[in-house]
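J.: Here's a sequence, model it:
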Amino acid sequence: MSFLENVKKLFGFTPAEPPAAVAAPAPEIRRVESTQTAPKPVRSGPPPAAPRRDQLLRFIINKLRAYQNEPETAPIGLKLAILCPTPEDEELYRVVLWASQPGKFQQELNRQLADNYIVLPKNWQFEYAFFTDELPASTYREGNLGLLVLDHSKTGAVPLLARVVALVGQTEQAEYVLNSVQKTTFCIGRGHTAQTTSGRVRTNDIVILNDEDAGFDPIKGAGNGAVSRAHATIQYNAPQRQYALLVDSGGLPASGNKTKIMHPDNTIERADIAGMGYPLRDGDQIELGGEVVLLFSYL
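T.: Numbering: from 1, shown residues only. Predicted coordinates:
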């Protein structure tokens, strides 16, 4: 520094140093959150219940293909078991089975079975149940599904027995026991056999004796000529677990014969419609031709 500058500084003539530059404040950064939400994934294809229902229908139809074109041996009932570990699974299958519309799933199943030439009896039964741990014993199993098929061969575990005895008139046996496992149709008529209009020979299971038949006892009363050789039939209805009386051609008024059922409550039911089943109650009395009275009872 020169002498002159030192003198100026000594006497205060040195210019003041410029103030330090002040840094401009940094611009305030505001965080703006987006108000837009992420779009929800769009579900493709049919709702979950629809493919599950198709799967269920295919499962049942495939397991019943053995009954195609075999109406005589077709199942009389189906019991469906579904394994549902969670409440959500059970709720889904309730939608699948149209639980809020009873009978709708069975109708749809019946239609699709018929389309596959699987014809079930008119009054076939359908049931379903949900299980959380394991499936019960079933005829068929696949994944979480089980199917129990009920047919005539499986009804033998619980046979329905009935008895027929003659109160008026003579029969070949003192009593006849009807066993739904051994047979489902029991023909009633005079004599052992009769030839139908089609030429087929009919064999009677409950034989009414006439005065020319062996074993007829005149001491017990007159003959039973008013009973036709093909008078009536007792038939077992498996879905309803009940016996019913059907009147054959020889037991209709057109043949000069009458058939009626006298119930324990003293009401009388005339059985005069061909092909119609008249349910039998315990203690019913069946009158044939006005001469023979049979007592029907369940064992």
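
J.: By residue count, what's the longest helix in this structure?
T.: For the chain, the longest helix by residue count, based on DSSP state H, is helix 49-63.

J.: helices or strands up against it?
T.: Using 3 or more Cβ pairs under 8 Å, 6 or more residues apart in numbering; DSSP states H and E as the contact criterion, the neighbours of helix 49-63 among helices and strands are strand 77-83, helix 87-96, helix 104-115, strand 140-142, strand 145-150. Just so you know, the C-beta spots here come from the backbone N, C-alpha and C atoms, and that holds for glycine as well.

J.: Quick check: buried residues in the longest one?
T.: Residues of helix 104-115 classed as buried under the neighbour-count rule (16 or more other Cβ atoms under 10 Å) are 105-106, 109-110, 113.

J.: returning to what we had before: quick one: the longest helix of the chain to chain centroid distance?
T.: Computed by Cα atoms, centre = their mean, to the nearest Å, the separation of helix 49-63 from the middle of its chain amounts to 16 Å.

J.: now that helix against strand 145-150, angle please.
T.: What separates the directions of helix 49-63 and strand 145-150 is an angle of 40 degrees, with axes from the mean of the first three to the mean of the last three Cα atoms, to 10 degrees.

J.: contact partners of helix 49-63?
T.: Outside helix 49-63, the residues that touch it by Cβ atoms under 8 Å, 6 or more residues apart in numbering are 45, 78, 80, 92-93, 95-97, 108-109, 112-113, 116, 118, 139-140, 142, 145, 147, 149.

J.: Strands of the stretch 101-250 of the chain, start to end?
T.: Counting by DSSP state E, counting those that start in this stretch, the stretch 101-250 of the chain has these strands, from start to end: 125-131, 140-142, 145-150, 161-168, 176-179, 185-190, 193-195, 201-203, 206-208, 232-237, 242-247.

J.: Which strands and helices lie in contact with the longest one?
T.: Spelled out, that is strand 161-168. On a contact count with 3+ Cβ pairs under 8 Å, 6+ apart, strand 161-168 meets strand 176-179, strand 292-298.

J.: pLDDT (mean, whole number) over that strand?
T.: Computed over strand 161-168, the mean pLDDT rounds to 94.

J.: just the second one next, same as before
T.: Per-residue confidence for strand 140-142 averages out to 88 on the pLDDT scale.

J.: and that strand, what other elements does it pack with?
T.: With contacts defined as 3+ Cβ pairs under 8 Å, 6+ apart, the secondary structure elements packing on strand 140-142 are helix 49-63, strand 145-150.

J.: How far does that strand sit from its chain's centre?
T.: Centroid separation between strand 140-142 and its chain, computed with Cα atoms, centre = their mean, is 17 Å.

J.: Over to the first one?
T.: In this view, strand 125-131 has its centroid 8 Å away from the chain centroid, taken as Cα atoms, centre = their mean.

J.: quick one: buried residues of it?
T.: Neighbour-count burial for strand 125-131, with 16+ other Cβ under 10 Å as criterion, is recorded at 125-126, 128, 130.
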